[in-house]
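Trainee: okay, here's the prediction I keep looking at, along with the sequence it came from:
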Amino acid sequence: MRFARVRVGGVPRFCHVDGEQLYLLGEGEPERAERTGERVAIGDVEFLAPVEPTKILAVLGAFRFGREPEVARQTSPKFTSKLITSVNAHGCSIIKPFDMPNTLDGEAELGVVLGRDVRRVSPEGARDAILGFTCVNDMTLTDQGVEDMDFMRAKSVDTFASFGPWIDTDVSPDQVREGLVISGSVNGVPSQLGNTADYTWDVLETISWASQLFTLRRFDLIALGTPVPVSRVDVGDVMTVTVEGVGTLINKIAREELIAS
């Protein structure tokens, strides 16, 4: 099942995605709510972020990059965070700050969304905590991250956490382990290509590692890492993130307008 959140008549609504049609849902949790009988065409609505997380974690150095597994796994996963104010949706512009000339890099990623609260969960216990998977563009002011020696500020600019268009609840952690292709493109030109089979730690291990440190809440998002090189973008570019079996996320890069006070 794929469910999304869209704005209809000015009101946020959950919906099931079925081809080019969106079937609006009634009250209740989106994975269990019933269809109301109302439907709209996928091209006639404004997409919102599929859920509202309490936190967003981003895995650093997630791919083995040619290293043997026993070498790559000698260290634990490394996480940084993206502030909630950075959440952005499919079809919405990513805004580059007018006063930051820094290098802007898009990062095509698979994201996992939690379906329940967990703390100190085992890898196998993490399986039942997964709601589903989504596409993520983990936008980063790369020069800022290098300067700070911490990527939290570089990744947390408003609109820098685009994810969606929906959450797919049918994709399994086993499929992710076996391998899903992640690709990025800028203005239609391929810019990134990777496969989740090359993750250093699989998604269940990653959730477990994170839960040893932080309580993970329902709807929290973990961006599982990007293949290199990243996608260099600038104002006017359109970046596309596609994850095999999950979906395609599209965002245009725009410049922040300077508003006179």
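Mentor: The structure has been received and is ready for your questions. Residues are numbered from 1 along each chain as shown.
Trainee: can we go C-alpha only for contacts and neighbour counts from here?
Mentor: Noted.
Trainee: Three-state assignment for Asp174, please.
Mentor: helix (DSSP: H, G, I helix; E, B strand; the rest coil).
Trainee: try Ser208
Mentor: Going by three-state DSSP: Ser208 is helix.
Trainee: surely it meets Ala129?
Mentor: No - with contacts counted by Cα atoms under 8 Å, Ser208 stays clear of Ala129, the gap being 10.2 Å.
Trainee: which residues sit in contact with Gln144?
Mentor: Contacts for Gln144 (Cα atoms under 8 Å, 6 or more residues apart in numbering) come out as Asn102, Phe151, Arg153, Ala154.
Trainee: tell me the buried residues within these.
Mentor: Phe151, Arg153, Ala154 (16 or more other Cα atoms under 10 Å).
Trainee: could the residues you listed go into a markdown table alongside pLDDT and secondary structure?
Mentor: Below are the buried ones among the contacts of Gln144 laid out as a markdown table (pLDDT from 0 to 100; DSSP: H, G, I helix; E, B strand; the rest coil):
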| residue | pLDDT | secondary structure |
| --- | --- | --- |
| Phe151 | 85 | coil |
| Arg153 | 90 | helix |
| Ala154 | 91 | helix |
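Trainee: in TSV: those, plus distance to Met239.
Mentor: Formatted as TSV, the buried ones among the contacts of Gln144 follow (distance: Cα to Cα, whole Å):
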residue	distance to Met239
Phe151	21
Arg153	21
Ala154	18
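Trainee: so which of these is the closest to Leu249?
Mentor: Among the buried ones among the contacts of Gln144, Ala154 lies closest to Leu249 (Cα to Cα), at 21.1 Å.
Trainee: tell me the contacts of that closest one?
Mentor: Counted by Cα under 8 Å, 6+ apart, Ala154 has contacts Thr140, Leu141, Thr142, Gln144, Gly145.
Trainee: quick one: name whatever helix or strand follows the one helix or strand in the chain whose mean pLDDT sits lowest.
Mentor: Sorting the helices and strands of the chain by mean pLDDT, DSSP states H and E puts helix 69-72 at the bottom, at a mean of 65. Next along the chain after helix 69-72, taking DSSP states H and E as the criterion, comes strand 78-82.
Trainee: the helix or strand following that following strand pairs with which strands, and in what direction?
Mentor: As assigned by DSSP H and E, the chain's next helix or strand after strand 78-82 is strand 87-88. In the sheet containing strand 87-88, its partner strands are strand 161-168 (parallel), by DSSP bridges.
Trainee: follow-up on the earlier one: okay, the contacts of Gln144 in a markdown table with distance to Gly188 next?
Mentor: Formatted as a markdown table, the contacts of Gln144 follow (distance: Cα to Cα, whole Å):
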| residue | distance to Gly188 |
| --- | --- |
| Asn102 | 23 |
| Phe151 | 28 |
| Arg153 | 29 |
| Ala154 | 26 |
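Trainee: from those, which is closest to Thr200?
Mentor: Phe151 (20.0 Å).
Trainee: low pLDDT regions in the stretch 51-200 of the chain?
Mentor: 65-72, 74, 101, 145-146, 148 (pLDDT under 70).
Trainee: which stretches of it form helices?
Mentor: 69-72, 123-126, 142-148, 152-155, 173-178 (DSSP state H, counting those that start in this stretch).
Trainee: export the second one to CSV, keeping only CA atoms.
Mentor: Same thing as helix 123-126. The C-alpha atoms that make up helix 123-126 are tabulated as CSV, following Å, rounded to 0.1, in the frame of the first residue of the first chain:
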residue,chain,number,x,y,z
PRO,A,123,17.6,-5.5,14.8
GLU,A,124,14.9,-8.2,14.5
GLY,A,125,12.6,-6.2,16.8
ALA,A,126,13.1,-3.2,14.5
